[in-house]
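> A predicted structure for the sequence below; I have some questions about it.
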Amino acid sequence: MTEMEIKPACAFTGHRPQRFSFGYDETHPDCLRLKEALAQQIELLYLGGMRRFYTGCAQGVDMWAGEAVMELARTRSDAELCCAVPFAGHELGWSAPLQRRYRDMLRAASEVKVLRESFTPDCYHVRNRWLVDSSHMLLAVYDGSAARSGTGYTVNYARRLGRNIVCIRPDTLEIVSY
């Protein structure tokens, strides 16, 4: 049995904050509702048998999902957070508070995979493919409107590989399964 067969895994994908109507305002009611919907779906996945959760370590959905897994792990000790870092130092241009949250997430992770030593033009696609390849399913915060985005690419790649996909529509919080 492989490690992935032993521990069912779910990867996350979703847009960066600037793609949402609330932007970087994480105190906005719409952001709070989205983060709560994300945490609820992660809890449901855990209750359904998922134990390993992969985040791509970007701002927005990746970070919110990672933090939700960190919170879940406070009461569910077998819930694992795994971080896929696209390249070493990718957080260095972020604000100090976001960098602290990022470092906290890496410290909480049971696995940190740095996919490139430095930035390369394909590093985000490499990270996105690695997330899907390493997981049984994908949890996406995605409305389907930006098929050419990194999130759209990741959802389409997961579809091509036949992964189960649970999608949270960011505007309505409707849950759609593929």
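Here it is on my side, so go on. Predicted model only: the values in this text are computed from it and were never measured.

> Return the distance of residue 103 relative to residue 75.
Distance, residue 103 to residue 75, using CB to CB, to the nearest Å: 23 Å. Glycine gets a C-beta too; all of them are placed from N, C-alpha and C.

> More neighbours: which of those two?
residue 103 (11 against 8; other CB atoms under 10 Å).

> pretty sure that one is in a strand, no?
No: membership of residue 103 in a strand is not supported by DSSP: H, G, I helix; E, B strand; the rest coil, which gives helix.

> How about the contacts made by it?
Applying CB atoms under 8 Å, 6 or more residues apart in numbering to residue 103 gives the contacts residue 91.

> Show the model's pLDDT score for it.
At residue 103, the model reports a pLDDT of 97.

> now swap in residue 171 and tell me
Confidence for residue 171, expressed as pLDDT, is 89.

> Disregarding residues adjacent in the polypeptide, which is nearest to it?
Using CB to CB, 6 or more residues apart in numbering and skipping the chain neighbours, the partner closest in space to residue 171 is residue 143 (6.1 Å).

> That neighbour: neighbouring residues, count only.
Applying other CB under 10 Å, we find 18 other residues in the vicinity of residue 143.

> now swap in residue 159 and tell me
Using other CB under 10 Å, the number of residues around residue 159 comes to 13.

> quick one: contacts for residue 117?
Contact partners of residue 117, counting by CB under 8 Å, 6+ apart, are 87-88.

> I'd like to know how far residue 95 sits from residue 24.
Plainly put, residue 95 is 9 Å away from residue 24 if you go by CB to CB.

> Noted, bye for now.
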